[in-house]
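Undergrad: What shape does this take:
(one chain, ligands or ions: 1)
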Amino acid sequence: MVYVTEKREYNDAYPDKTLYIPGPTEVREDVIDAMCEPMFGHRMDRMTDLYTTIVEDTKAFLGTDNDVIILTGSGTEFWEASTLNLVDENILVATCGSFSERHANVAERLGKNVDTLEYEWGQAVKPEDIREALETSDTHYDVVAVVKNESSTGVRNPIEEIGDVVADYPDTYFVVDAVSSLGGDYVDIDEHNIDVLFASSQKAFAMPPGLAICTVSEDAYERELEKNEASWYGGFQRCLDYYDRKGQTHSTPAIPIMLAYRKQMKYMLEEGHEARNQRHREMAEYTREWARDHFDMFPEEGYESQTVSCIENTQGIDVAATIEVVSEEYDMVFSNGYGSQLGEKTFRIGHMGEHDVESIKTLTDAIEDVADL
Ligand SMILES: Cc1ncc(COP(=O)(O)O)c(C=O)c1O
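TA: The predicted model follows:
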């Protein structure tokens, strides 16, 4: 075995950095503090109070009648679980960047027959292509999977219209990866036939990482019951029935993160989903305008994300060096482009969670200073 990573020692003296990466993002101080409680048991009444509070508050925030699961793990868990719970044989995954490609890869690893509808990175998934694929293919797809916000390219896919298309195929379930936008980009889940939609706590919910949030339609729940095999850990039935019977989770959850979740979800309810959506829209509009003044936007026009701007490096700045100097001198961190393909060709600004236009402006001012724009 060749070890490529030398052992390093975590220490107690890292400077605080303000995060403008596509998650984790900034978490309010009192939400961090909420985690510092003496431990309690996951079968105590206190846990029932905590879990039922966060589940019901999340339903209220999202405005959905679908069931909600909050599971210890990250969003990745629901790529796996939704595939295991809903797909017997065939799944159609629309790919338009790294994360949607990974969704397809997860389904392949689970032994499913995966067809992909492939788009060039930066392009958005089109509802008419989904219709054509469903209409013309001889394959019956148990699931159509689409990423709402492709974090690698900053594309926001029109999942509402895609959901309306999939609604015409009642035996096909619609699964949406909303990991990097839920909470910062409003979607009417029930209106658009979204059977399963999932997200991670560390993105636009502005909570610490460690919890995955998933909404499940009644049809998707019933579908899992018909199947011989399903996920154990992320089984809709196991998670939801346990909640119905006991108001708790089937196994020991990350209790401190749920305490943070409870605190932050109260703030989110207070602000309201529409107002939160509006604040994110303003941040996205400001960032796009700034990007177009100095560079260009990478995504296809009209499909730019509301939570992550992917900016095309038309000036050929040294992206890695700029990130480093902004971090060293301004204690703010933004992201390079995704992977080797987009690493220096683009850079990304996460404008999600607790940020506002003013805080995004402090970052763009710093980038202007450092890159001499
Ligand atoms: C669109 C998208 N899907 C899935 C994931 C995986 O989420 P997690 O790292 O929380 O498992 C990410 C992570 O950044 C993402 O951006």
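Undergrad: Only alpha carbons, please: show the worst-scoring helix or strand of the chain on mean pLDDT as CSV.
TA: None of the helices or strands of the chain scores lower by mean pLDDT, DSSP states H and E than helix 339-342, at a mean of 84. Output of helix 339-342 as CSV, limited to C-alpha atoms (Å, rounded to 0.1, in the frame of the first residue of the first chain):
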residue,chain,number,x,y,z
GLY,A,339,-12.4,19.2,-11.3
SER,A,340,-9.7,19.3,-13.9
GLN,A,341,-12.2,20.2,-16.6
LEU,A,342,-13.3,23.5,-15.1
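Undergrad: And residue 177, what's its pLDDT?
TA: Predicted confidence (pLDDT) at residue 177: the value is 98.
Undergrad: my guess is it meets residue 79, correct?
TA: Yes. Residue 177 is within contact range of residue 79, at 7.0 Å (criterion: Cβ atoms under 8 Å). (Glycine included, C-beta is placed from N, CA and C.)
Undergrad: who's more crowded, those two?
TA: Each of residue 177 and residue 79 has its neighbours counted (other Cβ atoms under 10 Å); residue 177 has more, 31 against 27.
Undergrad: Report the spatially nearest residue to the more buried one, omitting neighbours in sequence.
TA: residue 147 (4.4 Å; Cβ to Cβ, 6 or more residues apart in numbering).
Undergrad: Give the burial count for that neighbour, as a bare number.
TA: 31.
Undergrad: same check, this time on residue 141
TA: Neighbour count of residue 141, defined by other Cβ under 10 Å: 22.
Undergrad: Residue 139 now?
TA: Neighbours around residue 139, by other Cβ under 10 Å: 13.
Undergrad: does it count as helix, strand or coil?
TA: coil (DSSP: H, G, I helix; E, B strand; the rest coil).
Undergrad: list the contacts for the residue nearest to it when sequence neighbours are not counted?
TA: Leaving aside its chain neighbours, residue 139 sits nearest to residue 90 (5.0 Å; criterion: Cβ to Cβ, 6+ apart). When contacts are counted by Cβ atoms under 8 Å, 6 or more residues apart in numbering, residue 90 touches 112-115, 139-142.
Undergrad: Any of those buried? List them.
TA: Among these, the ones that count as buried by 16 or more other Cβ atoms under 10 Å are 112, 114-115, 141-142.
Undergrad: In strands, which of those residues fall?
TA: 114-115 (DSSP state E).
Undergrad: Residue 278 sits in which helix or strand?
TA: Residue 278 is located in helix 273-294, with elements delineated by DSSP states H and E.
Undergrad: can you list contacts of that helix?
TA: 61-63, 183-186, 204, 268, 271, 297, 304-307, 309, 311, 315, 349, 351-352, 355-357, 360-361, 364, 368, 373.
Undergrad: Just the ones of these in strands?
TA: Reading strands off the contacts of helix 273-294 with DSSP E, I get 297, 309, 311, 349.
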